[in-house]
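# Provide a 3D model corresponding to the input given below.
(one chain, ligands or ions: 1)
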Amino acid sequence: MSNYLVTEINNATTIAIRLRTEIIDGGGDGHLQTLTVRDRATDTVQTLPASAVFLLIRAEPGTEWLAGAVERDEHGYLLTGRDLTSDAESAGAWPLARPPLLLETSLPGVFAAGDVRAGSTKRVASAVGEGAIAVRLIHEHLNETRR
Ligand SMILES: Cc1cc2nc3c(=O)[nH]c(=O)nc-3n(C[C@H](O)[C@H](O)[C@H](O)COP(=O)(O)OP(=O)(O)OC[C@H]3O[C@@H](n4cnc5c(N)ncnc54)[C@H](O)[C@@H]3O)c2cc1C
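Numbering: from 1, shown residues only. Have a look, this model is predicted:
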């Protein structure tokens, strides 16, 4: 999470942060009115008034299926462009004499855009922008292949 958001949440008197706590039940008459939570550190269960739940589950790339085919960083994000040739660990992963294109992965002609790409901004606007750039790069790759 962005550091400024962490600071704002920590300073907000209207927000209580419950670490190591899981929601184990919800209740209400026609709509949500309560949540039952369990503190995993103390194993204490508490039912709290609640009118809404917003979930943020996982921020991990689901790229296991690409292991061994496309170079990934230690968190599973796909390496692209300059990261493939500047990073000592991934040096040698790029097979061609020409450098990889901006969003090109270690598999020539395969491009990555958005959150799944290592070093991406993790924002809608940049994911959409990278998608548009990837289309342009695919055309460039196809033109090169035809030549
Ligand atoms: C809670 C939350 C709040 C956010 N708030 C903001 C915000 O306020 N402003 C902002 O700009 N950004 C925000 N973001 C970030 C933003 O949602 C992402 O940056 C953006 O959605 C990235 O787009 P994407 O297309 O790269 O990935 P995604 O939107 O994650 O799309 C990837 C898609 O690929 C699908 N997929 C995955 N694996 C496969 C597979 N093997 N085969 C086929 N399909 C597959 C997934 O189901 C998904 O639909 C937020 C993110 C979260 C989680």
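
# Kindly report the residues of this protein close to the ligand.
56, 62, 114, 115, 116, 122, 123, 124, 125, 127 (C-beta under 6 Å from any ligand atom). C-betas here are computed from N, CA, C, even on glycine.

# So what does the residue in the chain positioned nearest to the ligand look like in phi/psi?
Residue nearest to the ligand within the chain (C-beta to the nearest ligand atom): residue 114, separated by 2.1 Å. In terms of degrees, to the nearest 10, the main-chain angles of residue 114 are phi 90, psi -160.

# hang on, isn't it packed against residue 130?
Yes. Residue 114 is within contact range of residue 130, at 5.7 Å (criterion: C-beta atoms under 8 Å).

# Same drill for those two, tell me which one is more crowded.
Applying other C-beta atoms under 10 Å to residue 114 and residue 130 shows that residue 130 carries more neighbours, namely 22 against 19.

# how about the more buried one, what does it touch?
103, 113, 114, 117, 120 (C-beta atoms under 8 Å, 6 or more residues apart in numbering).

# who does residue 117 bridge with?
residue 78 (DSSP bridges).

# How much space separates residue 112 from residue 41?
39 Å (C-beta to C-beta, to the nearest Å).

# do the same with residue 135
From residue 135 to residue 41 the distance is 49 Å (C-beta to C-beta).
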